[in-house]
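K.L.:
coords please:
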Amino acid sequence: MRSSPAERLLLEQIQIIYGNQRVLEASTLAVASRGVTALLGRNGTGKSSVFRAVFGMYPDRNLSITVDGSFVRHPHLRPGLINYVPQRASHPPQLTVARYLKYYGLERERFLAEYPLFQSQADDRLETLSLGTARLLLCLIALGADTRYTVLDEPFSNVMPVHNELLLDALRKARARKGVLLSDHQYRTVLDVADTLYLIVDRRIRLLRDPGELTELGYLPDHFSPAPRR
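P.N.:
This is a model prediction of the structure:
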């Protein structure tokens with residue numbers, strides 16, 4: 001499942017600045033072309049801004065984005081390269097579930113057979129779905145779409161606990177064929193699926209060698225003990 005070091009999306013010199021406040025010092029983030037990369041950090045450390053930078057939505061003249069060693073100025077404009085589900089809904093709410101599937105190139109019957117939860121809602125508009133159901137749907141579609149990378153900002157936010165395992169299973173399947181970058185405050189859920197961990201600490205993105213560093217660096221309480229990953 002692991003990809004070679006050359007097969008990756010690499011961000012270098014990421015800097016997040018709001019007005020006169022420097023939230024994130026120049027940092028590096030690498031996303032393997034297969035596997036799940038998780039970026040953790042407390043609120044306000046710049047995680048969502050980093051994700052927008054990956055997708056080309058955060059202006060940073062110093063930022064360098066390369067894919068497999070080749071410079072890419074606008075990743076989101078390259079067909080089949082990357083898709084993104086932001087923390088706040090940004091999709092047209094009047095479109096139906098079926099229209100979203102078609103837009104992302106997914107076969108309606110195949111998707112609904114895999115996720116029968118949505119069979120009765122295929123012709124419903126997104127705005128009629130509950131917040132958690134809509135969130136789950138968009139993440140499942142993004143993971144199922146034929147892109148090399150998927151970026152998910154707080155994918156488990158508002159998703160009912162009973163559906164967490166459904167999304168985790170989709171992530172496990174997706175990581176065998178694409179690179180996924182995600183962040184979520186449900187750190188136990190994240191650790192269950194992540195292959196690579198980064199933490200924003202002291203205004204820098206730091207690659208972790210072991211989940212135990214989350215405690216050493218003060219992100220998690222001392223009594224935290226990571227469960228074996230499935």
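K.L.:
those strands in this structure, which residues are they?
P.N.:
8-18, 21-32, 35-40, 64-67, 70-71, 82-85, 149-153, 179-183, 196-201, 204-207 (DSSP state E).
K.L.:
how about the ones you listed in CSV, adding mean pLDDT?
P.N.:
Shown next, in CSV, are these (pLDDT from 0 to 100):
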stretch, mean pLDDT
strand 8-18, 90
strand 21-32, 92
strand 35-40, 97
strand 64-67, 92
strand 70-71, 92
strand 82-85, 94
strand 149-153, 96
strand 179-183, 97
strand 196-201, 96
strand 204-207, 96
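K.L.:
can you pull the contacts of Glu7?
P.N.:
Shown in contact with Glu7 (C-beta atoms under 8 Å, 6 or more residues apart in numbering): 32-34, 68. C-beta coordinates here come from the backbone N, C-alpha and C atoms, glycine included.
K.L.:
and the pLDDT for it?
P.N.:
Confidence at Glu7, expressed as pLDDT, is 87.
K.L.:
just the helices in the chain please.
P.N.:
Per DSSP state H, the chain carries helices over the ranges 47-54, 97-103, 108-114, 131-144, 161-174, 187-193, 213-216.
K.L.:
mean neighbour count, mean pLDDT and distance to Asn83 added to those helices, as CSV?
P.N.:
Converted to CSV, those look like this (neighbours: other C-beta atoms under 10 Å; pLDDT from 0 to 100; distance: least, C-beta to C-beta, whole Å):
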stretch, mean neighbour count, mean pLDDT, distance to Asn83
helix 47-54, 22, 89, 11
helix 97-103, 18, 94, 11
helix 108-114, 14, 96, 15
helix 131-144, 21, 95, 5
helix 161-174, 16, 94, 11
helix 187-193, 19, 92, 18
helix 213-216, 16, 92, 28
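K.L.:
export the ones you listed to JSON lines and append columns for distance to Arg22.
P.N.:
Formatted as JSON lines, the helices of the chain follow (distance: least, C-beta to C-beta, whole Å):
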{"stretch": "helix 47-54", "distance to Arg22": "12"}
{"stretch": "helix 97-103", "distance to Arg22": "38"}
{"stretch": "helix 108-114", "distance to Arg22": "43"}
{"stretch": "helix 131-144", "distance to Arg22": "31"}
{"stretch": "helix 161-174", "distance to Arg22": "33"}
{"stretch": "helix 187-193", "distance to Arg22": "26"}
{"stretch": "helix 213-216", "distance to Arg22": "24"}
